[in-house]
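>>> need a structure here:
(one chain, ligands or ions: 1)
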Amino acid sequence: MKKEKYFQLNQAAVEALAEKYGTPLLVLSLEQIEKNYNLLRTHMPRVKVFYAIKANPHRRILELMRDLGSNFDVASDGEIMGLASLGVDGSRMIYANPMKTVNGLRACRNAGVGKMTFDSAGEIDKMARECPGATALLRIRIDNSSAHVDLNKKFGAGREQALELLQKAKAAGLDAAGIAFHVGSQTTSADPYLNALDIAREIFEEAAANGMQLRIMDIGGGFPIPEPKVRFNLTEMLKQINARLDEDFPGVEIWCEPGRFICGTAVNLITSVIGVTERGGQPWYFLDDGLYGTFSGVLFDQWDFKLISFKEGEQVAATFAGPSCDSLDIMFRGKMTVRQEEGDLILVPICGAYTSASATTFNGFSKANFVVWEDVKGEVPDASPAKEQ
Ligand SMILES: *Cc1c(COP(=O)(O)O)cnc(C)c1O
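Alright, predicted model coming up:
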């Protein structure tokens, strides 16, 4: 696989930023966000991007994506109103939560959001009542046990119900316009997308045979970012998906909903070792960020973060724990690392998706501060952060 460059601070930058802003500190690269967005646009030129903001709703990311012309995937009244307050028009949002709240639908009405997804008959009535005439895509279930996080365990109508649900939506006065799916987060091969597109195409044909011309195909999110011990070829993956779209969905409007892919590689965490102890012959390192904070992704997203130390030496298996008084607050056991001491800094690259978004202030620990790299790099001695990794 071709080596890609991702935003990764060097030692001088980490030390200078930790000194100036304290830790735990999240450093966001807007340039990396823009690169990620452009990469999808380049490889899938027909595809309209809806950024799934739940992965990282930091205001600066939303403002940049707004200015780049992106659209947004939202799932709640809070996300809709948040974007509206940043000046994003409702026509640029899709309410892609198949199970919607009345508050969410009312926020759609207020903000002018007319696109949504559904996967059950009960939702049809709700949408027709609260947002008459809305454009509704049927979310279908896809089997993909290889996904890192398989959303199909919770969402999606079965293939056999598809036509009936689409017809029902149309009969209720909705604009039943197409199909949506989500292959599952961090999907590292094109196959699940291609399988899903096969099913969607069947439904398009079945609908056409019954007098319904579907016109929108939403291929969801799931596009992968680098992960320890996982190999994939992103450009090849996108090429295959794009080729299939051209072959099987000519003239159809194509949407996608990337979350992780847009923000995952754009954030670095700098965290400090606050204490060291030894238990059962293994070193334990306590960090100032933990499972209730940025590392919430370990729990909610089953993510294995890479920890970078700027020290040299023999690698030992260690336990890494967070700062709270809860015994659940342990991020990694048996993680290989050089020996650490109190005050040492650890850099966690690729820390932007499903991290700060699900952080809490449990036990009185503040969430990690955020700085934007492009705002602060002038303050750092050697401001060349990115390197091969
Ligand atoms: C979470 C979510 C996404 C984003 O998924 P990623 O795997 O982060 O790309 C997109 N669409 C829907 C409906 C989601 O729930």
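>>> tell me the confidence at the residue in the stretch 1-150 of the chain that the ligand sits nearest to?
Here the stretch 1-150 of the chain gets closest to the ligand at one residue, residue 52, 3.4 Å apart by C-beta to the nearest ligand atom. Every residue, glycine included, has its C-beta placed from N, CA and C. Here, the pLDDT recorded for residue 52 equals 98.
>>> likewise the one 3 residues further on?
Residue-level confidence at residue 55 comes out at 98, pLDDT.
>>> show me where the stretch 201-350 of the chain has strands.
Listed in chain order, the strands found in the stretch 201-350 of the chain under DSSP state E, counting those that start in this stretch are 216-218, 253-256, 267-279, 282-287, 308-309, 315-321, 330-338, 345-348.
>>> which neighbours in the sheet does the longest one have, and how are they oriented?
It refers to strand 267-279. strand 25-28 (antiparallel), strand 282-287 (antiparallel), strand 345-348 (antiparallel) (DSSP bridges).
>>> ramachandran coordinates for the residue of the stretch 1-150 of the chain closest to the ligand?
Backbone torsions for residue 52, taken as degrees, to the nearest 10, come to phi -80, psi 100.
>>> tell me the contacts of the nearest residue to it once chain neighbours are set aside?
Of all residues not flanking residue 52 in the chain, residue 259 sits nearest, at 3.4 Å (C-beta to C-beta, 6 or more residues apart in numbering). Each residue near residue 259 by C-beta atoms under 8 Å, 6 or more residues apart in numbering is listed here: 51, 52, 53, 54, 55, 56, 73, 185, 221, 353, 354.
>>> shouldn't the third one be in contact with residue 74?
What it means is residue 53. Yes: under the criterion of C-beta atoms under 8 Å, residue 53 makes contact with residue 74 at 6.4 Å.
>>> residues contacting the nearest residue to residue 303 once chain neighbours are set aside?
Excluding the flanking residues, the one nearest residue 303 by C-beta to C-beta, 6+ apart is residue 297, at 4.3 Å. The contact partners of residue 297, taken as C-beta under 8 Å, 6+ apart, are 303, 305, 351, 353, 354, 355, 358.
>>> so what's the residue of the stretch 1-150 of the chain closest to the ligand up against?
Residue 52 neighbours (C-beta under 8 Å, 6+ apart): 72, 73, 96, 221, 257, 258, 259.
>>> checking the first one next. Helix, strand or coil?
Spelled out, it's residue 72. Assigned by DSSP: H, G, I helix; E, B strand; the rest coil, the conformation of residue 72 is strand.
>>> can you tell me who it pairs with across the strands?
Where residue 72 sits in a bridge, its partners, by DSSP bridges, are residue 51, residue 93.
>>> what is the burial count for it?
Around residue 72 there are 26 other residues, counting by other C-beta atoms under 10 Å.
>>> now the residue nearest to residue 11 when sequence neighbours are not counted: how far from residue 346?
Nearest non-adjacent residue to residue 11, counting by C-beta to C-beta, 6+ apart: residue 310, 4.5 Å away. According to C-beta to C-beta, to the nearest Å, residue 310 stands 9 Å off from residue 346.
>>> more neighbours: these two, which one.
residue 346 (25 against 14).
>>> that one contacts residue 311, correct?
No: assessed by C-beta under 8 Å, residue 346 is found out of contact with residue 311, at 9.8 Å.
>>> for this structure, which helix is longest?
In the chain, assigned by DSSP state H, the helix with the most residues is helix 191-209.
>>> buried residues in that helix?
192, 193, 196, 197, 199, 200, 201, 203, 204, 207 (16 or more other C-beta atoms under 10 Å).
>>> same question, stretch 253-273
254-273.
>>> next one: stretch 281-289
283, 284, 285, 286, 287, 288, 289.
>>> next up, the contacts around the third one.
Applying C-beta under 8 Å, 6+ apart to residue 285 gives the contacts 273, 275, 276, 318, 319, 320, 321, 337, 340.
>>> out of those, the closest to residue 64 would be?
Lowest distance from residue 64 to those (C-beta to C-beta) belongs to residue 320, with 31.8 Å.
>>> for the residue lying closest to that closest one once chain neighbours are set aside, what are its contacts?
Closest residue to residue 320 apart from its sequence neighbours, by C-beta to C-beta, 6+ apart: residue 332 at 4.4 Å. Neighbouring residues of residue 332 by C-beta under 8 Å, 6+ apart: 298, 304, 305, 307, 318, 319, 320.
>>> which residue is the nearest non-sequential neighbour of the second one?
Pointing back at residue 304 there. According to C-beta to C-beta, 6+ apart, the nearest residue to residue 304 is residue 228 (5.3 Å).
>>> okay, the helix or strand hosting residue 168 in PDB with CA atoms only?
For residue 168, the host element (DSSP states H and E) is helix 162-171. This file holds the C-alpha atoms of helix 162-171, laid out as PDB (Å, rounded to 0.1, in the frame of the first residue of the first chain):
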ATOM      1  CA  ALA A 162     -38.200  -2.800   0.700                       C
ATOM      2  CA  LEU A 163     -40.800  -2.300  -2.000                       C
ATOM      3  CA  GLU A 164     -43.700  -2.400   0.400                       C
ATOM      4  CA  LEU A 165     -42.200   0.300   2.600                       C
ATOM      5  CA  LEU A 166     -41.300   2.500  -0.400                       C
ATOM      6  CA  GLN A 167     -44.900   2.200  -1.700                       C
ATOM      7  CA  LYS A 168     -46.200   3.000   1.700                       C
ATOM      8  CA  ALA A 169     -44.100   6.100   2.000                       C
ATOM      9  CA  LYS A 170     -45.200   7.300  -1.400                       C
ATOM     10  CA  ALA A 171     -48.900   6.600  -0.500                       C
END
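>>> what pairs with the following helix or strand past it, parallel or antiparallel?
Beyond helix 162-171 on the C-terminal side, the first helix or strand identified by DSSP H and E is strand 175-180. Strand 175-180 pairs in its sheet with strand 135-139 (parallel), strand 216-218 (parallel), by DSSP bridges.
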